[in-house]
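*Asks:* build me a model from this:
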Amino acid sequence: MPPSNPDEVTLYSDGSSLGNPGPGGYAGILDYRGHRREYAGGEPHTTNNRMELRAVIEGLKLLKRPCNVRVVTDSSYVAKAINEWLEGWKRREFKKVKNPDLWREYLEVSAPHTVRAEWVRGHAGHPENERCDTLARREAERQKESING
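*Replies:* Sure, this is the predicted structure:
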């Protein structure tokens, strides 16, 4: 029996932090053949870039089998790293790279998949990006409230 083609999945993602660093949130939407799953989370002390990347990592963790994944993000940092910079960073063992812990985690969770990133302009009316932004900001606000009591 020939191997089946990997499933095509779109992962929309966004991150937010209130202060940089500060309380942060991330969110994403996985879209597989019109079936959507939203997810979100946050951290009490983080940066915007960490939350942007965490959104992608957590989405990849939800996939049950190898997929062709199109990451749609408004983070040029995440998109350029995935598409252009990551191979060089690996060769240099992440020397002088910010967030090496998360990039190593990304490499681990992305290994079974073929991932390509697509940058979209943030706050430009892209429905899924706007939804992820809303969810990520909500999570960041929750983190802020939990800190402030």
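
*Asks:* what's the single longest helix in this structure?
*Replies:* Counting by DSSP state H, the longest helix found in the chain is helix 127-148.

*Asks:* elements contacting that one?
*Replies:* Packing contacts for helix 127-148, counted by 3 or more CB pairs under 8 Å, 6 or more residues apart in numbering; DSSP states H and E, involve strand 7-17, strand 22-32, strand 35-46, helix 48-61. All C-beta spots, glycine's among them, are computed from the backbone N, C-alpha and C.

*Asks:* gap between the most centrally placed residue in the chain and T46?
*Replies:* For the chain, the residue nearest the mean C-alpha position is V56 (2.1 Å; CA atoms, centre = their mean). Distance, V56 to T46, using CB to CB, to the nearest Å: 15 Å.

*Asks:* same check on G28?
*Replies:* Relative to T46, and taking CB to CB, G28 is found at 16 Å.

*Asks:* who has more neighbours out of those two?
*Replies:* Between G28 and T46, G28 has the larger neighbour count (other CB atoms under 10 Å), namely 31 against 24.
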